[in-house]
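J.: Need the 3D shape of this:
(2 chains)
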Amino acid sequence: MSLLEVRDLTVRFGRRQIVAVDGLSLSLAKGGRLGVIGESGSGKTVTALAVLGLLPANAVVSGSIELAGRPITSLNEAGLAKLRGNVVSMVFQEPMTALDPTMRVGRQVAEVLRLHTSAAPGKAREQVVAMLNEVGLPDPGRVAMSYPHQLSGGQRQRVVMAMALINAPDLVICDEPTTALDVTVQAKVLAKLDQVLNLSGAACLFISHDLAVVSQVCEQVMVMLDGKVVETGTVADLFNRPQHPYTKGLVATSRLDQMVPGQRLPVVEDFYHPDAERVGR
Amino acid sequence: MTALYRTEQLTRRYVDSGREVLAVDRVELSLAEGGRLGIVGESGSGKSTLVRLLAGLDRPSSGKIWFKGTEIAALPERRLGFLRGCVQMVFQDPRSSLNPRMKVGDIITEPLRSPLVRRQTGDLLDRRTRLVQVLAAVGLPADSGDRYPHEFSGGQRQRIAIARALAPKPEVLIADEPVSALDVSVRAQVLNLLSDLVVQEGLSLIMVSHDLLVVRYLCDQLVVMKSGQIVEQGRTEQVYANPSSEYTKALLAAIPRIPEH
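T.: I've put the predicted structure just below:
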């Protein structure tokens, strides 16, 4: 049985019932990894929030989401709270806004632990420091006593990773976890993420707009466009045999390293023409 | 021939809670007219401080900057008018660099209302005509001027920021991470646009990025910075193909690449 099973998920927003996710289905096995790529507004994040049951009140959801055998869409808030941080957790894009600036990071990581286990405060600290060490933070004891602003961007994102992983969840959702980071830091964070996922055996839903970044962590990739899945396959498949014209465009734009400087870069529009009604086009 | 930009021992020091930080440390570089200079480095390497000094938005602690043969580090603000028109900047995130309460047309033509810039362009630029020209140059619809920034996508907003920079007919365009807040699919469009504009408008370009690939595509000269100092500089293709410093090699190795199959 698969860990996450989404069937025909549709999410609409507001009075005008704008469709953000349109009939999306996916399934993720225990320990599996799936990359979700698409541009901003394609519905990647809304899908992730739906899985966490975090959609705002004005969202109208239809379809079904089953996580570890539990129907997310019909759970109440108390039921969801038990799952979040324990069975499923999330790594957000911007670590500075994901962390509480007034609280030492060690306490923030411990909070997740103590919500779901009955760990005594002293015991919790040990576990927190061990977790911070595991995500590759040097001097984890000192980091635990630091406030977010005292850490660098890469360190903060590792703290967020530690928070997401400390309860050994079955599924970790990463929403553009390295977009706010430098290339050098990004490379280290991605390598660490790959390593800790291997170690814990957690499944991962990895969201990004960058195919090159997704390919560092996932083998299997799903391409989203305007709320729909247009193509699913392995990274190698998408690269060598992209089927949908939009995927062809994405693949072409992601190969900046093979371009001759000064030559015109291929853009998605060379391959795929969206409806003309978009703003300004 | 005098260089467009030349710096000598350029240094900017900050004092952060009693501790001294050297953001830019004795930087020497020069840029010829029509040149395209890329500055790469990690966050905190001083690349943004360096371009702010070059644009006259910040003053060096010591050292000199010559722009077209004039030393600008020592000039008082009121005599920097010529620089304000000639040198324009495009910032990283168009969500924060565009005023959400202003119409796009007002945003783009705001530089033309500055008395400092008007003295340079000699009131020759009619705002309305210039707006139409720059909107066309960046590939935005002619009626964009009456709308607000939130009505545009991220890539389009960066086009608006570029249009604003072009409005006073600058000679130098300084772009600080112009594509790092954009989707990969939009990145190519903006890079193509910058590349075309440099040729069409005869601009010199200074571009800051943490991504060597982006710089390689647009710039023929490259400066690699670390902790405020230049660790390597030269022709981009040469540095890219044959980096001499360990730091540049690390930067190149960090670029995520899709595994070859």
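J.: Please enumerate the helices of the stretch 1-150 of chain B.
T.: Under the criterion DSSP state H, counting those that start in this stretch, helices of the stretch 1-150 of chain B are mapped to B:47-54, B:81-86, B:94-97, B:104-113, B:115-121, B:127-137.
J.: which one of those has the most crowded surroundings?
T.: Highest mean neighbour count of these: helix B:47-54, a mean of 24 (counted as mean count of other C-beta atoms under 10 Å in any protein chain shown). Every C-beta, even on glycine, is put in place using the N, C-alpha and C of the backbone.
J.: Which secondary structure elements does that helix sit against?
T.: Helix B:47-54 sits against strand B:5-16, strand B:19-27, strand B:36-40, strand B:172-176, strand B:204-209, with contacts defined as 3 or more C-beta pairs under 8 Å, 6 or more residues apart in numbering or on different chains; DSSP states H and E.
J.: need those in CSV with mean pLDDT, mean neighbour count and distance to chain A, can you?
T.: Below are the helices and strands packed on helix B:47-54 laid out as CSV (pLDDT from 0 to 100; neighbours: other C-beta atoms under 10 Å in any protein chain shown; distance: least, C-beta to the nearest C-beta, whole Å):
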stretch, mean pLDDT, mean neighbour count, distance to chain A
strand B:5-16, 92, 16, 12
strand B:19-27, 91, 17, 13
strand B:36-40, 95, 27, 9
strand B:172-176, 95, 24, 14
strand B:204-209, 94, 25, 9
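J.: Looking at these, which is nearest to B:Phe152?
T.: For B:Phe152, the closest of those is strand B:172-176, at 18.6 Å, according to C-beta to C-beta.
J.: For the closest one, which strands pair with it and how are they oriented?
T.: strand B:87-90 (parallel), strand B:204-209 (parallel) (DSSP bridges).
J.: nearest to A:Met222, of these?
T.: strand B:204-209 (29.4 Å).
J.: Can I get that closest one in CSV, CA atoms only?
T.: Provided in CSV are the C-alpha atoms of strand B:204-209 (Å, rounded to 0.1, in the frame of the first residue of the first chain):
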residue,chain,number,x,y,z
SER,B,204,28.0,48.8,-20.4
LEU,B,205,26.8,46.1,-18.0
ILE,B,206,27.9,45.2,-14.5
MET,B,207,26.1,42.2,-13.1
VAL,B,208,26.3,40.6,-9.7
SER,B,209,25.3,37.0,-9.2
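J.: what packs against the very next helix or strand once past that strand?
T.: Next along the chain after strand B:204-209, taking DSSP states H and E as the criterion, comes helix B:212-218. On a contact count with 3+ C-beta pairs under 8 Å, 6+ apart, helix B:212-218 meets strand B:36-40, helix B:184-200, strand B:204-209, helix B:236-241, helix B:246-254.
J.: most packed of those?
T.: Highest mean neighbour count among the helices and strands packed on helix B:212-218 (mean count of other C-beta under 10 Å): strand B:36-40, with a mean of 27.
J.: ok, back up a step: want to throw the helices of the stretch 1-150 of chain B into a markdown table with distance to A:Leu132?
T.: As requested, these are exported to a markdown table (distance: least, C-beta to C-beta, whole Å):
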| stretch | distance to A:Leu132 |
| --- | --- |
| helix B:47-54 | 30 |
| helix B:81-86 | 48 |
| helix B:94-97 | 32 |
| helix B:104-113 | 45 |
| helix B:115-121 | 52 |
| helix B:127-137 | 50 |
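J.: want to try CSV for these, with mean pLDDT as columns?
T.: Shown next, in CSV, are the helices of the stretch 1-150 of chain B (pLDDT from 0 to 100):
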stretch, mean pLDDT
helix B:47-54, 93
helix B:81-86, 86
helix B:94-97, 87
helix B:104-113, 92
helix B:115-121, 71
helix B:127-137, 91
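J.: closest to A:Ala98 out of these?
T.: Taking C-beta to C-beta, helix B:94-97 is the member of the helices of the stretch 1-150 of chain B nearest to A:Ala98, at 18.6 Å.
J.: neighbouring contacts of the closest one?
T.: Residues external to helix B:94-97 that are found in contact with it (C-beta atoms under 8 Å, 6 or more residues apart in numbering or on different chains): B:Val90, B:Phe91, B:Pro149, B:Gly154, B:Arg157, B:Gln158, B:Ile160, B:Ala161, B:Ala181.
J.: Give me the pLDDT value at the first one.
T.: The predicted local distance difference test score for B:Val90 is 94.
J.: Burial check on residue 180, number of neighbours?
T.: As the question left the chain open, I've gone with chain A. Per other C-beta atoms under 10 Å in any protein chain shown, the neighbour tally for A:Ala180 reads 21.
J.: ah, no, chain B please
T.: By the other C-beta under 10 Å criterion, the neighbourhood of B:Ser180 contains 18 residues.
J.: Roughly how far does the residue nearest to it when sequence neighbours are not counted sit from B:Asp176?
T.: Distances taken as C-beta to C-beta, 6 or more residues apart in numbering or on different chains place B:Gln92 nearest to B:Ser180, at 6.0 Å, with adjacent residues excluded. B:Gln92 sits 6 Å away from B:Asp176, going by C-beta to C-beta, to the nearest Å.
J.: Likewise for A:Thr73?
T.: The gap separating A:Thr73 from B:Asp176 is 44 Å, by C-beta to C-beta.
J.: Distance of A:Lys248 relative to chain B?
T.: Note on A:Lys248: its distance to chain B, by C-beta to the nearest C-beta, to the nearest Å, is 12 Å.
J.: send the alpha carbons of the helix or strand that that residue is a member of over as CSV?
T.: A:Lys248 is located in helix A:245-253, with elements delineated by DSSP H and E. Below are the C-alpha coordinates for helix A:245-253, written out as CSV (Å, rounded to 0.1, in the frame of the first residue of the first chain):
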residue,chain,number,x,y,z
PRO,A,245,5.7,20.7,-25.2
TYR,A,246,5.9,22.5,-21.8
THR,A,247,8.3,19.9,-20.5
LYS,A,248,10.4,20.3,-23.6
GLY,A,249,10.6,24.0,-22.9
LEU,A,250,11.5,23.5,-19.2
VAL,A,251,14.3,21.1,-20.2
ALA,A,252,15.6,23.5,-22.7
THR,A,253,15.7,26.5,-20.3
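J.: Would you mind naming what in the stretch 51-200 of chain A lies close to chain B?
T.: Contact residues (C-beta under 8 Å from any C-beta of the partner chain) of the stretch 51-200 of chain A with chain B: A:Gly153, A:Asp182, A:Val183, A:Thr184, A:Val185, A:Gln186, A:Ala187, A:Lys188, A:Leu190.
J.: Narrow the residues you listed to those in helices?
T.: Counted as lying in helices by DSSP state H, out of these, are A:Gly153, A:Val183, A:Thr184, A:Val185, A:Gln186, A:Ala187, A:Lys188, A:Leu190.
J.: Buried by neighbour count, from these: which ones?
T.: Neighbour counting by 16 or more other C-beta atoms under 10 Å in any protein chain shown classes A:Gly153, A:Val183, A:Thr184, A:Val185, A:Gln186, A:Ala187, A:Lys188, A:Leu190 among those as buried.
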